[in-house]
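1. Model the structure of this input:
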Amino acid sequence: MKFGLQLGYWMAQPPQNAGELVVAAEAAGFDAVFAAESWGSDAFGPLMWWGSSTTRVRLGTSVVQLSARTPAATAMHALTLDHLSGGRAILGLGVSGPQVVEGWYGQPFAKPLQRTREYVGIIRRILERQAPVTNDGPQYPLPYTGPGSTGLGKPLKPIVHPLRADMPIWLGAEGPKNVALTAEIADGWLAIYYAPRLAGMYNDWLDEGFARAGARRSRDDFEIAASCQVVITDDPKSELERMRWIMALYIGGMGAPELNFHAQVYRRMGYEREVDEIGRLFQSGKKAEAAAMVPDELILDTAIIGDEEHVRKQLGVWEAAGVTEMLVSVPDIEQLHRLAPLVQM
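-> All right, here's what the predicted structure looks like:
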């Protein structure tokens, strides 16, 4: 099992030690470095800036949001990063949620599966550069001939010859239909809040996609990269308290009460009552009470916290469940160095 360093997205200010962490991760044997975006920092810029100090690690987005850019714009970013890094780019894509898509990007959220399929198809045709790119689908018509068009649109190929026609495209997916689509059309799954005890359920979703006519991959050559808080500590109780607040935010605040994909993930794990209560408290402004409602078991289903022996054992559990890469976030060089011996397992 490989390790990837997850830089995430920036909070109020850029992180002060990200460049140091990226260089240290490569030296420690990490396979990849990933950056994310929400409604602040973007994902490509940090990879180009900090990734320029590396020579080996893969550079991935986890994820860039479909509604932030047209498929052609995303393909341009990706082929540029791939050239500048010498063929180390991984393009991780995700639909985000309606609050961000409609509230921040001013785009409709409807038909996320159809949008994902068209988006990936256009990017693949751009990277293949076999012919001028057209698309007849309703989500991203190329050329555009709808209201306001001049009628002068022309199918084009990228001026720059992409370095790799088969650049890996991974999809961030949480629900059964999206995971099945990922197995059908992508090269890997960026799994958030992956719980090894539910591997059988995930495998059913993946197998549905692998079995579809024209599926791009099989289980043998498909990557599953799971984001996981892996913390080596002699004081797990303190870490659990810190993470209660994070989980309360994602379960109760990252989405509307009517539609919160993160909350749905934990409902599938069997935490329906806890999710409802956390959401009710968080939405009413009682954030401390919401955090207090997060049970240890909910956190430890999707995180690994403990001493080195415990962490080493649990990594084996995740690998046995089918995870091929652990995407871990670390606060500082000290924690990265504590993880380094486990990267070489």
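
2. all helices of the stretch 1-150 of the chain, in order?
-> Along the stretch 1-150 of the chain, the segments classed as helices by DSSP state H, counting those that start in this stretch run 18-28, 44-51, 71-85, 98-103, 112-128.

3. Out of those, which gets the lowest mean score?
-> Lowest mean pLDDT of the helices of the stretch 1-150 of the chain: helix 98-103, a mean of 93.

4. Could I get the buried residue list for that helix?
-> Of the residues in helix 98-103, those buried under the neighbour-count criterion (16 or more other CB atoms under 10 Å) are 98, 100, 101. C-beta: built from backbone N, CA, C; applies to glycine.

5. what's the answer for stretch 233-241, then?
-> Of the residues in stretch 233-241, those with enough neighbours to count as buried (16+ other CB under 10 Å) are 233, 236, 239, 240.

6. Reformat these as JSON lines; add distance to residue 152 and secondary structure.
-> Formatted as JSON lines, the entries for those read as follows, by distance: CB to CB, whole Å; DSSP: H, G, I helix; E, B strand; the rest coil:
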{"residue": "233", "distance to residue 152": "61", "secondary structure": "coil"}
{"residue": "236", "distance to residue 152": "63", "secondary structure": "helix"}
{"residue": "239", "distance to residue 152": "59", "secondary structure": "helix"}
{"residue": "240", "distance to residue 152": "60", "secondary structure": "helix"}
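
7. Closest to residue 335 out of these?
-> Distance to residue 335 across the buried residues of stretch 233-241 (CB to CB) is lowest for residue 233, with 8.7 Å.

8. Make sure the closest one is actually in contact with residue 304.
-> No: with contact taken as CB atoms under 8 Å, residue 233 and residue 304 are classed as non-touching, separated by 10.6 Å.

9. Find residues that contact each of those two.
-> With contacts taken as CB atoms under 8 Å, 6 or more residues apart in numbering, not a single residue reaches both residue 233 and residue 304.

10. List the residues that contact the residue nearest the centre of the chain.
-> For the chain, the residue whose C-alpha lies nearest the mean C-alpha position (CA atoms, centre = their mean) is residue 62; its distance is 3.5 Å. Remark: with contacts taken as CB under 8 Å, 6+ apart, residue 62 is in contact with 6, 34, 35, 36, 43, 92, 170, 172, 190, 225, 227, 327.

11. Rank those residues by pLDDT and give me only the lowest.
-> Ranking these by pLDDT, residue 227 lands last with 94.

12. ok, that one touching residue 189?
-> No: applying CB under 8 Å, one finds residue 227 not in contact with residue 189, separated by 11.1 Å.

13. Show which residues not belonging to the helix or strand of the chain with the lowest mean pLDDT make contact with it.
-> Averaged element by element with mean pLDDT, DSSP states H and E, the chain has its least confident helix or strand at helix 261-268 (a mean of 83). Here helix 261-268 makes contact (CB under 8 Å, 6+ apart) with 97, 174-175, 192-193, 198, 201, 250-252, 254-255, 274-275, 279, 298.

14. Out of the residues you listed, which end up buried?
-> Of the members of the contacts of helix 261-268, the ones counted as buried by neighbours, 16+ other CB under 10 Å, are 97, 174, 192-193, 198, 250-252, 254-255, 274-275, 279, 298.

15. want to throw those residues into a markdown table with secondary structure, pLDDT and distance to residue 73?
-> As requested, those are exported to a markdown table (DSSP: H, G, I helix; E, B strand; the rest coil; pLDDT from 0 to 100; distance: CB to CB, whole Å):
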| residue | secondary structure | pLDDT | distance to residue 73 |
| --- | --- | --- | --- |
| 97 | coil | 89 | 21 |
| 174 | coil | 89 | 25 |
| 192 | coil | 89 | 24 |
| 193 | coil | 88 | 29 |
| 198 | helix | 95 | 36 |
| 250 | helix | 83 | 28 |
| 251 | helix | 88 | 32 |
| 252 | helix | 85 | 33 |
| 254 | coil | 71 | 25 |
| 255 | coil | 63 | 26 |
| 274 | helix | 92 | 40 |
| 275 | helix | 91 | 36 |
| 279 | helix | 90 | 35 |
| 298 | helix | 93 | 38 |
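
16. Which one of those is nearest to residue 344?
-> Once CB to CB is applied, the member of the buried ones among the contacts of helix 261-268 that ends up nearest residue 344 is residue 192, at 25.8 Å.

17. wait, residue 117 sits on residue 178?
-> No: using CB under 8 Å as the test, residue 117 is too far from residue 178 to be in contact (10.8 Å).
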